[in-house]
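A.B. asks: Kindly return the folded structure for what I paste below:
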Amino acid sequence: MLEALSVRADDNAYIALQAALEKQAPDICRLAWSHKYWSLLFPEKLDDYHNERWQRYNLLRILEIPPAHDGLYVCAGRFVQLAAKMGWPINHLTSVLNERNGQPVRYWRVGTRLGSGEGDFIWPAMLDGEYAAIGWPGLGDLSSIATGDQVKEAARAKLEKEYPKDPARMSREAGEIRNFISSMQDGDVLLAANGERVLGVGRVTGPYRYENTAPADAPHRRPTMWSSTEEWKLPKSEGLRTTVFPIGKNPENIVEIERRLLEGDTTPAPKPSQNTPTHALRLEGIPGRIQAILERKGQAIVYGPPGTGKTYWARQTALDLAAIGAFGRQFVQLAVGERAVVKGTDQKEGLVRWCTFHPSYGYEDFIEGFRPQTDVAKQLVFVRWAGILKKLCEDARSDSAQRKYFLVVDEINRGDIPRIFGELLTLLEKDKRSLEVTLPLSGDRFAVPPNVHVLGTMNTADRSIALLDTALRRRFGFVELMPDISVLGVASAGGSIPLGLWLAALNDRLRVHLGRDARNLQIGHAYLLENGHPVTDFTRFVQILAEDIVPLLEEYCYEDYGALAQILGSGLVDEAGQRIRHELFGPARRGELVQALLEPAPDIVTASSATDAAEEPEEPEESADAEEPEA
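C.D. replies: Prediction:
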């Protein structure tokens, strides 16, 4: 049937193909591996997306309505026609679409009214503060509650106490809260709506946070970059819904949303010049998310499991933002002398400075203290010393050009935060910049100028974000980085271990067997990168496995070799002998090692990276058809 199909077949022909395949091969025609096999045999007729959600998402992102029928084969003609129009092989087209569109995101409607009064309309505050918000202030800060259904159950318990209603309504509202706090992900698209009127379209740029600032009745917030603020209506009615509702049943609506985003995202920015404000230059991706938070809060923390690139992105973003502020260009575009101004030299400190917190780090290192020195008479004396942040603030305040200064604090959660920061916990707030306090040690007047930014990194394997000092959390914005197998592409170690799929399967097992906090203990993709490229040499891969990944997992599973065997596989872990089979790491045992690594997830050899990356998230619950004000 595939061989007989014309390379110029239309939608109807591919729909007929889907029906015929379901009749002739009902047990396999909807499986990813069979689609992959047939796409390899007929690359001129089939796309190499092996997941229906990815197919439809990539069509919607280029403003095409997918065929109404479902199935892995009905969309193929669209990709075949587009590849022919571009003059590309099909896998070149899908690679370009993946690079442009990224992983599939979800679309959400968020209400902008807390009630029926004039003061209950919160869209102006959401737009000005660059966030989306929901009500139920009596629930308090929900940052510490678990993910998934546990969020819903915890929210329902709080609703029963603070806003008792009929069980069905409380269950629906708990689902909405779960969707807002847990189901929404960075990059998801939000529609700020008032009834059926869409007031703004934007993208989620950060995790849930609780803020008691005005409007106080809407303290539950998600950072959002609003890119389109023209008022309009969806082409197809999704019905009047309550506060948080997923959109997606009508593809016409998604295409119109994407059209609005495209028009908003592609507005040309003015070219930098001496008269152009440097804030016109916007970074993209992770640096763009950090930039947005720094502009809004003044300081940010990049957090996530080990190996997710937290330090790299924090430092790179600080260098780029300092370079833009001083020279109107990113760091990589600067001349050698300009880079020295940003990064500093042995003789002079730059606009970007670094430090690392540890248990012995104190107020005297950060703000000011006394240090022992010998004077000219070789007598021991104590000299007052300005700490790294105080010196940075002094330099920033005296800078006539008011360039931006950055302090990158690595491992910020490993220090005693209240003791290190002292008065700074008040002075960091954006509306308290330039407010002076008297330092208790020296009696000096001290303030944090507006052109100073603090950017921290935090390894959640050491400490959950929920355990951070509350005062610190309120003053910092947060950017979460999780393992990203797309960075590894289709690379494999020695042609035997597909890196991305192997890492994804390893983390899947880790989340199952390490309990409640397992999400923060995953293995990051950076373990399998060197100089920004995937590790494809098998010997080097084995070194990383034996010296980095296995010891980390042993620490996670401390003395629990049963859990370790479930994660790494019984071929690599001798559960009865309570040991790792290190002999398999020898060059002569390569075949046995490959077999041991693939044994826990044999399907990763034939599965596609798109299928693994596009793990279907839990479908959120729909709200009732009637628009209701929040609590």
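
A.B. asks: Run through the stretch 401-550 of the chain and note the low-pLDDT ranges.
C.D. replies: Across the stretch 401-550 of the chain, the stretches falling below the confidence threshold (pLDDT under 70) are 463-471.

A.B. asks: nearest spatial neighbour of Leu2, skipping sequence neighbours?
C.D. replies: Leaving out its chain neighbours, the residue that sits closest to Leu2 by Cβ to Cβ, 6 or more residues apart in numbering is Phe42, at 5.1 Å. In short, each C-beta sits where N, CA and C put it, glycine included.

A.B. asks: Could you double-check that that neighbour lies in contact with Glu3?
C.D. replies: Yes: with contacts counted by Cβ atoms under 8 Å, Phe42 reaches Glu3, the gap being 7.4 Å.

A.B. asks: if you count what's nearby, which of these two comes out ahead?
C.D. replies: Phe42 (16 against 7; other Cβ atoms under 10 Å).

A.B. asks: which is the next helix or strand following the host helix or strand of Leu82?
C.D. replies: Here Leu82 is covered by helix 76-86, with elements defined by DSSP states H and E. Per DSSP H and E, helix 76-86 leads on to helix 90-101 as the next helix or strand towards the C-terminus.

A.B. asks: what residues does that next one touch?
C.D. replies: Residues from elsewhere that reach helix 90-101, judged by Cβ atoms under 8 Å, 6 or more residues apart in numbering: 43-44, 46-49, 57-58, 61-62, 79-80, 82-83, 86, 88, 486, 610.

A.B. asks: Quick check, pLDDT for Gly562.
C.D. replies: Reading off the per-residue confidence, Gly562 sits at a pLDDT of 92.

A.B. asks: same thing with Glu118?
C.D. replies: The per-residue pLDDT of Glu118 was computed as 61.

A.B. asks: what's the answer for Leu553, then?
C.D. replies: Per-residue pLDDT puts Leu553 at 94.

A.B. asks: surely it meets Ile567?
C.D. replies: Yes: between Leu553 and Ile567 there is a contact under Cβ under 8 Å: 6.1 Å.

A.B. asks: got any residues that touch both of those two?
C.D. replies: Counting by Cβ under 8 Å, 6+ apart, the common neighbours of Leu553 and Ile567 are Leu510.

A.B. asks: More neighbours: which of the two?
C.D. replies: Looking at Leu553 and Ile567 with other Cβ under 10 Å, you find the greater number of neighbours at Ile567, namely 24 against 20.

A.B. asks: Chain neighbours aside, what residue packs nearest to that one?
C.D. replies: With Cβ to Cβ, 6+ apart, the residue lying closest to Ile567 is Arg509, at 4.9 Å.

A.B. asks: of the contacts of helix 90-101, buried ones?
C.D. replies: Burial by neighbour count, 16 or more other Cβ atoms under 10 Å: within these this picks out Leu46, Asp47, Asp48, Tyr49, Tyr57, Asn58, Arg61, Phe79, Val80, Leu82, Ala83, Ala610.

A.B. asks: and of the residues you listed, the nearest to Pro137?
C.D. replies: Distance to Pro137 across those (Cβ to Cβ) is lowest for Tyr57, with 35.6 Å.

A.B. asks: Now the closest one: closest residue in space that isn't a chain neighbour?
C.D. replies: Nearest-residue entry for Tyr57: Pro104, 4.0 Å, with adjacent residues in sequence omitted and distances by Cβ to Cβ, 6+ apart.

A.B. asks: and if you look at Gly288?
C.D. replies: Beyond its immediate neighbours in the sequence, the residue positioned closest to Gly288 (Cβ to Cβ, 6+ apart) is Arg282, lying 6.1 Å away.

A.B. asks: Isn't Val573 up against Tyr561?
C.D. replies: Yes: Val573 is within contact range of Tyr561, at 6.1 Å (criterion: Cβ under 8 Å).

A.B. asks: So those two - more neighbours on which side?
C.D. replies: A direct count of neighbours by other Cβ under 10 Å for Val573 and Tyr561 places Val573 higher, at 25 against 18.

A.B. asks: Just list whatever residues bridge to that one.
C.D. replies: Taking DSSP bridges, one finds Ile580 as the beta-bridge partners of Val573.

A.B. asks: ok so, going back, mind checking the SS state of the residue nearest to Tyr57?
C.D. replies: At Pro104, secondary structure determined by DSSP: H, G, I helix; E, B strand; the rest coil is coil.

A.B. asks: What about it, how many residues nearby?
C.D. replies: That count, for Pro104 with other Cβ under 10 Å as the rule, works out to 21.

A.B. asks: now the buried ones among the contacts of helix 90-101 as CSV including pLDDT and distance to Gln402?
C.D. replies: Output for the buried ones among the contacts of helix 90-101, formatted as CSV (pLDDT from 0 to 100; distance: Cβ to Cβ, whole Å):
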residue, pLDDT, distance to Gln402
Leu46, 96, 57
Asp47, 96, 52
Asp48, 94, 51
Tyr49, 94, 49
Tyr57, 96, 44
Asn58, 96, 44
Arg61, 95, 40
Phe79, 96, 51
Val80, 96, 56
Leu82, 96, 49
Ala83, 95, 51
Ala610, 37, 47
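
A.B. asks: farthest pair in those residues?
C.D. replies: Every pair in these was compared (Cβ to Cβ); the two farthest apart turn out to be Leu46 and Arg61, at 19.9 Å.

A.B. asks: how deep is Gln346 tucked in, by neighbour count?
C.D. replies: One thing to correct before we go on: residue 346 is Asp, not Gln. Burial measure for Asp346: 5 neighbouring residues, criterion other Cβ under 10 Å.

A.B. asks: Now do the contacts for it.
C.D. replies: Neighbouring residues of Asp346 by Cβ under 8 Å, 6+ apart: there are none.

A.B. asks: Going by contacts, tell me the helices and strands next to the top helix by length along the chain.
C.D. replies: Counting residues, the longest helix in the chain under DSSP state H turns out to be helix 310-327. Using 3 or more Cβ pairs under 8 Å, 6 or more residues apart in numbering; DSSP states H and E, the elements in contact with helix 310-327 are helix 285-297, strand 299-304, helix 336-343, strand 352-356, strand 405-410, strand 452-459.

A.B. asks: In CSV, list the ones you listed along with distance to Leu262.
C.D. replies: Below are the helices and strands packed on helix 310-327 laid out as CSV (distance: least, Cβ to Cβ, whole Å):
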stretch, distance to Leu262
helix 285-297, 17
strand 299-304, 28
helix 336-343, 34
strand 352-356, 34
strand 405-410, 32
strand 452-459, 31
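
A.B. asks: which element is Gln373 on?
C.D. replies: Remark: Gln373 resides in strand 368-374, with elements defined by DSSP H and E.

A.B. asks: Would you mark the buried spots in the following helix or strand past that strand?
C.D. replies: Stepping forward along the backbone from strand 368-374, the first helix or strand reached (DSSP H and E) is strand 380-386. Along strand 380-386, the positions that meet the burial threshold by neighbour count (16+ other Cβ under 10 Å) are Ala386.
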